[in-house]
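Chemist: quick one: sequence plus predicted model below, questions after.
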Amino acid sequence: MRVVVIAIGRLKQGPERELAERYRERFDDLGRKLGFRGPEIHEIAESRARDATSRIAEEAAAITALIPDKALLVTLDERGDNVDSAGFAKKLGGWRDQSTAQAIFVIGGADGLSPELRRKAKLSVSFGAATWPHQMVRVMLLEQLYRAATILSGHPYHRA
């Protein structure tokens, strides 16, 4: 199963980018042995529209253009479900076992995601009630993907 992350905003050089890359590489290495490819990262520039509604619409159009027709969509959204790491791993493994070709994880911009994208999502995940910068959400998502792979492989990284 191909794993893709589509994120509004670009990570600049620095600790967030280094940490994101570390978890991306770890998932890539372990994931290949488990039937996963990626994760590929697609960065989309933040909209410069004057109002939030227009920004959300522009960003949604750019995101939608990158999502293949039959891909499984997962959104990262503050209104999403709080899924623990074991549950996240179970979902990821289940999608793989159902021969899902692609799982697309979407991280919106500062104004959030369009209602249409949220409705299309098979799963919407929240990393708690706190508001997180999209750069940190990307790092946390990549860490959770890696953690899920370790859980699926029986690796001792996850100690719950």
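Modeler: Arrived safely.
Chemist: could you list every helix and strand that the longest strand belonging to the chain packs against?
Modeler: When the chain is parsed with DSSP state E, its longest strand is strand 72-81. If you count contacts as 3 or more Cβ pairs under 8 Å, 6 or more residues apart in numbering; DSSP states H and E, strand 72-81 packs onto strand 102-107, helix 115-120, strand 123-125. Just so you know, the C-beta spots here come from the backbone N, C-alpha and C atoms, and that holds for glycine as well.
Chemist: go again with 6 Å.
Modeler: Secondary-structure packing of strand 72-81 (3 or more Cβ pairs under 6 Å, 6 or more residues apart in numbering; DSSP states H and E): strand 102-107, strand 123-125.
Chemist: hey, which of these is tucked in deepest?
Modeler: Mean neighbour counts were taken over those using mean count of other Cβ atoms under 10 Å, and the top value, a mean of 24, falls to strand 102-107.
Chemist: what's the mean pLDDT across that one?
Modeler: Averaging pLDDT along strand 102-107 gives 98.
Chemist: got it, and stretch 116-136?
Modeler: Stretch 116-136 comes out with an average pLDDT of 92.
Chemist: next, the buried residues of it.
Modeler: Buried residues in stretch 116-136, counting neighbours by 16 or more other Cβ atoms under 10 Å, are found at 117-118, 120-121, 123-127, 132, 134-135.
Chemist: got it, and stretch 1-18?
Modeler: Using 16+ other Cβ under 10 Å as the test for burial, stretch 1-18 gives 1, 3-9, 11.
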